[in-house]
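**Student:** I'd like to go over a predicted model; first the sequence, then the structure.
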Amino acid sequence: KSKTPIYNFSIEESISITYSLSSFVSQNNIYSIIVLKANNKFEGKEIWDVMMSLGFSWGDMDLFHWNNDKPNFGDDQLLSVWTSTSPGYFFPEEIAAGRVQTNDLIFGFSIPRSIAPLEVLNIMLKVAEYAQTRLGGKLLDENRNEFDINKEKETVRLILNNLKTKSIKAGMNDALYLFQ
């Protein structure tokens, strides 16, 4: 016999549950972000060197990633780096040709998809600070205000608490399925 519970909801109950879950997902599908804003421009070859020095890989979606080496837990990437400068990603051949200059680097990860969001946040700050020492610039939050680690930790804790109310563990089964 199957041990899978069978639910018999009316159409109205099903619609209500669907809307509630959809609202929950949209309210909690939050990224933790640190922006390293350039004083002038960051040169592509310098960006590449910094990312390689940090142990990041260039890959999926033409971004730099700190990859998750435990594929059964959490997102494929623990942390990614992109830019708001068009096109928003990095082509190695363009970097090699000296044709990449960016206004910023954006460090980020999905809070609900991360297996250890507070730990990744702390590492992300260290990574961004290292990039800042190498490239210059200023650390900002996603709204381009001065970055505040305590405020960002509050956001992460809020999302983790929200997930907990629905018995969802960050970086695990339901979180990986719901938060795309």
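**Tutor:** Looks like it arrived, so ask away.
**Student:** host element of residue 122?
**Tutor:** Using DSSP states H and E, the secondary-structure element containing residue 122 is helix 117-135.
**Student:** tell me the phi and psi of the residue positioned nearest the centre of the chain?
**Tutor:** Using C-alpha atoms, centre = their mean, the residue of the chain that lies closest to the mean C-alpha position is residue 109, 1.2 Å off. Phi and psi for residue 109, reported as degrees, to the nearest 10, are phi -160, psi 150.
**Student:** for the closest residue to it other than its chain neighbours, give me the pLDDT.
**Tutor:** Excluding the flanking residues, the one nearest residue 109 by C-beta to C-beta, 6 or more residues apart in numbering is residue 79, at 4.9 Å. The way it works is simple: take the backbone N, C-alpha and C, and place the C-beta from them, glycine included. pLDDT, the model's per-residue confidence, is 95 for residue 79.
**Student:** ditto for residue 6
**Tutor:** Per the predicted model, pLDDT is 69 at residue 6.
**Student:** ditto for residue 73
**Tutor:** The score at residue 73 is 77. That number is its pLDDT.
**Student:** pretty sure it is touching residue 169, no?
**Tutor:** No. Taking contact to mean C-beta atoms under 8 Å, the distance of 10.0 Å between residue 73 and residue 169 leaves them out of contact.
**Student:** great, nothing more from me.
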